[in-house]
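# Based on what follows, work out the 3D shape:
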Amino acid sequence: MDLEALTRQAKQGDLEAFSELTRRFQHMAFGYALSFVRALQDAEDIVQEAFVAAWFSLPTLEDPAAFPGWLRGIVRHHAHRQVRRKPPESRPLLEAHGMLSAETCPERRVERRQQYAGLLAAVGGLPRPLREVVTLFYVHECSQQDIATFLGVPVTTVNNRLHAARAQLKRRKLTMVKDTLESHPLPDDFAARIGRIVRARERVIEARFDPGAGPGVLTELTVSDDAGHRAISVQVIQRLPDGVVRAVATAPTEGFAPGMSVLSEGRHARTPLNRVGFERIVALLAAPAPEPGGPVRLLETGIKVVDVMCPLVAGGTVAVAGEYQAGTAVVVEELARRLGAGTDPLSIFALVPGPMTTSFEEVWEKEGYSGGTVGPLQAFYFLREEGPWPAAEVAAIRGVDSVIRLSTALAQLGIYPTVDPPSSRSRLLDAKLVEREHLEIAARAREALAALELPPEHPRLEGAERLRQRARKLQRFFAQPFFVAEPYTRRPGLHVSRAEALRGCRAILDGEMDAVPEKAFYFTGTLDDVLIAAAALPADAREASSPARPG
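Numbers count the residues shown, from 1 in each chain. Next up, the predicted model:
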């Protein structure tokens with residue numbers, strides 16, 4: 001598309017058209033800014049500010065064909081402001097070079113710094129017209145024609161200025177200019193870093209970016225509040241269609257409004273959300289609560305440990321509180337796989353321990369995950385404070401119906417999903433909103449499994465070895481193949497009805513399965529599947545696993 005048509009579309013609020021303009025002119029703007037400040041990071045900051053200002057000022061541009069010169073004026077204005085704010089110095093460029101250098105010899109670094117100091121002095125001594133074309137020419141992808149278009153001068157003038165600049169710079173320093181500027185271009189995704197707020201509500205915003213390269217979940221963004229002369233950090237908690245992301249401020253703030261610019265640096269989120277902040281966000285984002293006193297409908301996930309120990313409610317909320325490497329994303333994705341095709345809404349709040357070391361987007365793309373937001377399900381990811389969040393405290397947060405707590409210790413035992421029954425909770429059980437039999441089985445299971453966490457010499461365990469044996473079988477019974485994990489487990493995912501899950505738990509706790517080997521309970525489905533697995537075990541394995549008979 002030609003420049004004028006592209007500019008017209010951008011003037012009408014087309015963010016994709018503006019992103020294309022940004023891609024076309026970002027290198028020119030960067031080189032032009034660098035001719036003023038001669039510090040790489042400062043130049044990049046100027047360009048970001050200039051493009052944000054250009055987006056909001058586009059409606060005032062009368063002649064779309066004048067976009068290059070108009071943008072140049074905006075860059076120049078922001079460069080002058082940067083110069084006034086921070087006097088030019090050579091140190092930032094030297095530090096940037098030093099960080100990228102693989103050399104560790106102090107003498108060599110000193111020599112390099114001296115060389116670059118000479119380079120800066122030489123370039124800085126050129127007249128402005130010559131300095132502009134030199135920096136523009138040696139920034140990636142800036143041809144003589146590009147420079148002529150941006151500066152609004154003939155190509156012959158650009159060539160003459162380049163010739164004059166080269167004559168004034170010695171060949172060695174000219175080579176250093178070329179190597180430095182070509183090795184420090186703007187990032188390829190620079191255009192995709194700029195977005196704008198389309199909706200705002202208290203601490204929650206929705207911002208639109210380039211649909212093909214928006215920021216990922218649990219990355220940090222900066223909202224530019226020009227009126228308030230401040231920058232506000234927010235974190236992406238959810239990706240929505242058409243390049244829109246939902247983000248939250250980790251500290252109380254006000255003043256978000258549609259149209260504000262949002263910048264993405266691609267950084268992992270660093271500031272965790274505290275419990276008070278989490279409770280406020282839950283209130284803003286959770287699906288509308290069922291009518292008080294109305295009927296409560298259980299959601300059957302087909303995951304035994306969830307349906308028995310921390311059942312979910314239709315139209316409710318669940319917090320998935322994962323420990324480090326306990327499979328938080330896997331559990332969220334499995335819930336989406338099992339419930340996303342239904343009609344009952346569910347809000348999933350995934351609490352991920354920091355610090356972040358990998359990108360969720362990379363994992364989702366590799367595994368083909370949806371991110372948990374599918375059909376009537378909404379999944380939100382939060383970086384939480386270090387240290388355990390007791391499930392009882394999370395469950396006490398207003399608006400949270402169930403808590404699925406994931407345990408690293410269970411992962412080390414090979415128990416997947418790593419749901420820890422004693423510390424997972426559901427208001428459906430606490431408020432006695434399920435059948436009496438379900439309440440009794442869940443309470444007995446919690447008591448038995450809690451015994452496994454006590455040391456063998458604990459007074460409560462005296463004469464309770466039979467209970468511990470049943471608890472171990474119950475723990476393994478709760479291990480279950482997931483659909484999303486089939487490529488790794490090489491086992492088909494299993495759906496077990498709530499009725500079958502409760503039947504199996506009762507049989508184990510009542511001692512009906514005492515003669516069945518512990519190994520037969522692991523990674524199976526129903527009680528019938530356990531018996532089939534037991535029958536398939538070698539005779540010696542069945543005998544070795546059988547509990548000793550009393551007397």
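# pLDDT on whichever strand or helix holds residue 159, on average?
Assigned by DSSP states H and E, residue 159 falls within helix 155-168. Averaged over helix 155-168, pLDDT sits at 88.
# helices or strands next to it in the packing?
The contact analysis (3 or more Cβ pairs under 8 Å, 6 or more residues apart in numbering; DSSP states H and E) places helix 155-168 against helix 128-138, helix 144-151. Quick note: C-beta positions are derived from backbone N, CA and C, even for glycine.
# any chance of those helices in a markdown table, with mean pLDDT and distance to residue 268 too?
Below are those laid out as a markdown table (pLDDT from 0 to 100; distance: least, Cβ to Cβ, whole Å):
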| stretch | mean pLDDT | distance to residue 268 |
| --- | --- | --- |
| helix 128-138 | 82 | 32 |
| helix 144-151 | 84 | 35 |
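# looking at the ones you listed, which is buried most?
Across the helices and strands packed on helix 155-168, averaging neighbours per residue (mean count of other Cβ atoms under 10 Å) puts helix 128-138 on top, at a mean of 21.
# hmm, back to that, which residues in the helix holding residue 159 does the neighbour count mark as buried?
Under the neighbour-count criterion of 16 or more other Cβ atoms under 10 Å, helix 155-168 has 157, 158, 161, 162, 164, 165 buried.
# Residue 67: neighbour count?
23 (other Cβ atoms under 10 Å).
# Excluding chain neighbours, what is closest to it?
Computed as Cβ to Cβ, 6 or more residues apart in numbering, the closest residue to residue 67 that is not its neighbour in sequence is residue 7, at 4.8 Å.
# All the strands of the stretch 351-500 of the chain, residue numbers only.
With DSSP state E, counting those that start in this stretch as the criterion, the stretch 351-500 of the chain has strands at 377-384, 402-406, 425-426.
# picking that back up, reformat the helices and strands packed on helix 155-168 as JSON lines; add distance to residue 175.
JSON lines is the format used below for those (distance: least, Cβ to Cβ, whole Å):
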{"stretch": "helix 128-138", "distance to residue 175": "10"}
{"stretch": "helix 144-151", "distance to residue 175": "19"}
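# Between these, which one is closest to residue 369.
Closest approach to residue 369 among the helices and strands packed on helix 155-168 (Cβ to Cβ): helix 144-151, 40.9 Å.
# Show me what that closest one is packed up against.
helix 15-37, helix 67-85, helix 128-138, helix 155-168.
# Between these, which one is closest to residue 486.
Nearest to residue 486, of the helices and strands packed on helix 144-151 and by Cβ to Cβ, is helix 15-37 at 37.4 Å.
# Out of the helices and strands packed on helix 155-168, flag the one nearest residue 40.
Closest among the helices and strands packed on helix 155-168, using Cβ to Cβ: helix 128-138, at 11.1 Å.
# Next, the angle helix 155-168 makes with that closest one.
Orientation note: helix 128-138 sits at an angle of 100 degrees relative to helix 155-168 (axes from the mean of the first three to the mean of the last three Cα atoms, to 10 degrees).
# starting at the chain centroid, how far to helix 128-138?
Here the centre of helix 128-138 is set off from its chain's centre by 40 Å, with Cα atoms, centre = their mean, to the nearest Å.
# what is the orientation angle of that helix with helix 15-37?
Orientation note: helix 128-138 sits at an angle of 130 degrees relative to helix 15-37 (the same axes, to 10 degrees).
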